[in-house]
Structures are given as C-alpha cells and as structure tokens.
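> Here's a sequence, model it:
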Amino acid sequence: MINWFVILLFIIWIYVLFTMKRAKMGVWYFLCGSVGMFVFGMIVLEPLIVNPLQKAVSAVAGLLGEVTGVYDSYFQQGILFIKRGTESLSLYIDFECSGVIEMLAFLSLLWFFPVYEIYERAVVSIVGVFTIFAANVIRIFLICLLIYLFGNQIYFFAHTVIARIFFYGCSVILYFYVFTKPQIVRQKVGAFHYDRN
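Next up is the predicted model:
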C-alpha cells in the first residue's frame, strides 16, 4: 500500500519536472526525471513485478536447462537444481537475479532521454526489457553450465565474475545502441548534422 508521504513526494516531483521543463533546464530535467522515476518505480512497481519476474526468469532458464540436460527448474519456487555426479546445488532466483533493478534503471533513463519521440520510446522500451530479460536468462544458464561442468567450487567465480562480465557486456551493447548511437546520429551542430538513416 502506498502511503501519503510517497504520494506527496510524487506530486512534488511532478511539479519540479514541470517547472524544469518550462525553464528549459534539459540536463537537470533528465537527471531529476530519471532518478525520480527509478525511485518511484522501486517503491511502487518493484513489489508488484519482482515475484512474477522471478518465476519468468526461472521458467525460461529452466527450458534451457531441460533442453541441455544441465539442470532442473522448479519455477514456481524460483529454484534451479544442478546435479553433477555426487554433488548437487540449488540456485534460488531472488530479487537481484530477477533483473528488475536493471530494467527499471533502463526504462527510467530512456523515458527522459531527449532523443526519442513517444512512440519510439514505447518500442525501444519493449525491445530493451526483452533484451535485458534474455541477457539475464543466459547469464543464469551460464552460471549453471559452469557449475555443471566444473563442480560446486566454481559457483562464486562463475556468479561474481564470469556471469557478471557477460551481463554487463550485454548491457553496454544495449546502452550503446539505445543511448549513444542515436545521440550521435541525431545531433545537429550549426548547419551540420548526421543523416538519420
């Protein structure tokens, strides 16, 4: 349940955004808008979407596990079970593994990024969320595969180093194509500008 303090802060945030927009404070509008949207997303949306997102990640990652025979999925509980010889390990898809933070951060930046039109933001939002979801599923599969191949002792290294490098590498590529490239292509300096193709 949302309390009155959060509603008051939301109204103040909207007023500040409206004032910044009218004053043409572009950078501050982007920063205040993105940070505010992320914070309110974590307060309001995160409790609603984290549980279904955990189950979805477990279910899709479980399909990869079943196809390859590497692990079993109990997606209703958000658990992946890896058995290798006499060793076994259960992975619980928790809040951090759901990808909700990364998705909300991406959407918060995108919806206040001044390069896109409204319809472009909607399409890029859908593509971006699915890309983050897919990268997260592959990251979890990679962790499970490494544990299956090398045993339980590699869990920390697989989870903390290899899978994280993979996931953030995918995030950098996504951010380049969503934020950096369009900004360069659509910029206009004096009479010169890049072609939009």
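> And the strands in this structure?
71-74, 79-84, 87-92, 188-189, 192-193 (DSSP state E).
> for those strands, which one sits closest to Lys24?
For the strands of the chain, the distance to Lys24 is smallest for strand 188-189, at 16.7 Å, taking C-beta to C-beta. Glycine gets a C-beta too; all of them are placed from N, C-alpha and C.
> Hmm, Ile162 is touching Cys144, no?
No: using C-beta atoms under 8 Å, Ile162 makes no contact with Cys144, being 11.9 Å away.
> neighbour count winner among these two?
Cys144 (26 against 15; other C-beta atoms under 10 Å).
> Let me know the pLDDT of the nearest residue to that one once chain neighbours are set aside.
Spatially, and ignoring its direct neighbours in sequence, Cys144 is nearest to Tyr71 (4.8 Å; C-beta to C-beta, 6 or more residues apart in numbering). pLDDT, Tyr71: 90.
> tell me the contacts of Tyr71?
Gly62, Gly65, Leu80, Phe81, Ile82, Lys83, Cys144, Tyr148 (C-beta atoms under 8 Å, 6 or more residues apart in numbering).
> That one pairs with what?
Ile82 (DSSP bridges).
> Could you give the number of residues near the nearest residue to Gly62 once chain neighbours are set aside?
Nearest residue to Gly62, sequence neighbours excluded (C-beta to C-beta, 6+ apart): Ser73, at 2.2 Å. Per other C-beta under 10 Å, the neighbour tally for Ser73 reads 23.
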